[in-house]
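J.: Curious how this folds, go ahead:
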Amino acid sequence: MTRLLLLLFLTITANALEQPYVKGKWITVEATAYCPCEICCDTRTETTANQTSTNAVPYGVAASPDIRLGTRVFVPEGIGYLDATLRGDRWLVADDRGGALRTEWRRSGITRIDLRYKTHASAKAFGRKFIVVFIEGGK
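T.: This next block holds a predicted model:
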């Protein structure tokens, strides 16, 4: 019950503070992080499911199947994802899928995202947490 109230509070707070001027909605997701290394991806990868180069676009979002590839995702400041790096432009594109994301989503039904970092240490430091993000066009 406490967890549900916390998620509701976070959703309301995010809606009030940072409503982007586009059509869509705020949703609570379970977020993890990855980098395109052998540890995170089984093999070193340089392209995403959308054929985006991870060298050219080092930051992005892998998402569970309920978020279409190409969907823009707004990640607010203050959750620990590149707060010093992405000043001003917090929009990322869902350009990847992950085997674990698909499996966990099918098992639990919880929307999941995996935030892409340049380095493994940064991805590992992010951990796993519930966050509120804005999905352009809805879910």
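
J.: By average pLDDT, which secondary structure element in the protein comes out worst?
T.: Within the chain, no helix or strand scores below helix 2-17, which has a mean of 51 by mean pLDDT, DSSP states H and E.

J.: For the helix or strand just after it, which helices and strands make contact with it?
T.: Next helix or strand after helix 2-17 toward the C-terminus (DSSP states H and E): strand 24-34. Counting contacts by 3 or more Cβ pairs under 8 Å, 6 or more residues apart in numbering; DSSP states H and E, strand 24-34 is packed against helix 2-17, strand 112-116, helix 120-126, strand 129-136. Where you see a C-beta, it was placed from the backbone N, CA and C, and this is true even at glycine.

J.: what separates the shortest one from the chain centre, distance-wise?
T.: In this case it means strand 112-116. Here strand 112-116 is found 4 Å from its chain centre; the criterion is Cα atoms, centre = their mean, to the nearest Å.

J.: angle of it against strand 129-136?
T.: Strand 112-116 runs at 90 degrees relative to strand 129-136, counting by axes from the mean of the first three to the mean of the last three Cα atoms, to 10 degrees.

J.: Now do the buried residues in stretch 115-129.
T.: Leu115, Arg116, Tyr117, Lys118, His120, Ser122, Ala123, Phe126 (16 or more other Cβ atoms under 10 Å).

J.: again with stretch 101-112
T.: Leu101, Glu104, Trp105, Thr111, Arg112.

J.: Tell me what the last one is bridged to.
T.: So the one you mean is Arg112. Note on Arg112: beta-bridge partners Glu30, judged by DSSP bridges.

J.: Thought Glu30 was touching it, still the case?
T.: Yes: shown here, Arg112 and Glu30 form a contact pair, counting by Cβ atoms under 8 Å, at 4.9 Å.

J.: outside of stretch 30-45, which residues touch it?
T.: Applying Cβ atoms under 8 Å, 6 or more residues apart in numbering, the external contacts of stretch 30-45 come out as 46, 54, 62, 79, 81, 98, 110-120, 122-124, 126-131, 133.

J.: Thanks a lot, see you next time.
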